[in-house]
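> Quick one, fold the following:
(2 chains)
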Amino acid sequence: MKKLLSLMAFSVLSGCAAVDAYLMTHFDPVEYRMITEIRYDAHNGIADCDDAAVAKANANSLAYKVGLYHAYELDIPHNEDSIKASTALDEIAQGLKTRYAGTDKVSSIYCKLKFGGIESSATLIQQVQGKRPR
Amino acid sequence: MNLDEINHHLANLVNSGDPGFANAAQFVQQVIQQLHTGQMSASEAQEVLQDVQRQMEVIQDMSQMAMKETLNAVINGVIVLASAV
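Here you go, the predicted structure:
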């Protein structure tokens, strides 16, 4: 029986996906804290979108936090999925910051959709990263 | 692709029965509406729609990771079983 189970484990591990899964990065409380903060700030930022000055400050702060989170993810080994997701999230957040840095008026609906988009992506990332193996 | 074809495809996606695709299609419809009513500039609408593609990338990446988490739990379970026998 032991031999059979060991054989099963070996045959499972012989696949690339299985190796990736076995070696995957474990739960990281710093990473989890960062993505939770991004989710929370993005959610709260939606309410301030009608006040351009406050919305701009929120956008800059959120873009900084997402950029920091992305930089944190980049060099963690066996972390390809999170690196790709944080890259996409960073692109969304930097777009928001860039628009507020420009001279054109930023619409309230754009602001709400951007903060909402960051919130929904951050929520999904948080949920999945929270289930990383301990 | 012209606007009629876009609206046709969006309607198909809304009625596809897949909640993920239906929500995304409804979102695109809302952006088009806001663009027409002047609530959002063309440049803003373009960026928000590009964000939908970025969000789909996040969904795909996190789906992959969730599968790996499940597989990791299974592998560890088999290893524990094998060592206990």
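> The residue nearest in space to the middle of chain B: helix or strand, and which one exactly?
For chain B, the residue nearest the mean C-alpha position is residue B:56 (3.8 Å; Cα atoms, centre = their mean). Using DSSP states H and E, residue B:56 maps to helix B:42-84.
> what do you get for residue B:31?
Here residue B:31, judged by DSSP H and E, is contained in helix B:19-36.
> Who are the packing partners of that helix?
Secondary-structure packing of helix B:19-36 (3 or more Cβ pairs under 8 Å, 6 or more residues apart in numbering or on different chains; DSSP states H and E): helix B:3-14, helix B:42-84. Backbone N, C-alpha and C define where each C-beta goes, glycine included.
> Tell me which of the ones you listed lies nearest to chain A.
Nearest to chain A among the helices and strands packed on helix B:19-36 is helix B:42-84; the distance by Cβ to the nearest Cβ comes to 3.7 Å.
> any idea how far that closest one is from the chain center?
Centroid separation for helix B:42-84 versus its chain: 12 Å, with Cα atoms, centre = their mean, to the nearest Å.
> dump the residue contacts of the nearest residue to residue B:22 once chain neighbours are set aside.
In space, and not counting its chain neighbours, residue B:22 is closest to residue B:14: 5.2 Å by Cβ to Cβ, 6 or more residues apart in numbering or on different chains. Contacts of residue B:14 were listed using Cβ atoms under 8 Å, 6 or more residues apart in numbering or on different chains, and they are B:22, B:25, B:26, B:29.
> one more time with 6 Å
Residue B:14 makes contact with B:22, B:25, B:26 under the criterion Cβ atoms under 6 Å, 6 or more residues apart in numbering or on different chains.
> Quick one, which of these are buried?
residue B:25 (16 or more other Cβ atoms under 10 Å in any protein chain shown).
> Tell me which of the helices and strands packed on helix B:19-36 sits most buried.
helix B:42-84 (a mean of 17; mean count of other Cβ atoms under 10 Å in any protein chain shown).
> Residue A:103: what secondary structure?
Put simply, residue A:103 is coil when judged by DSSP: H, G, I helix; E, B strand; the rest coil.
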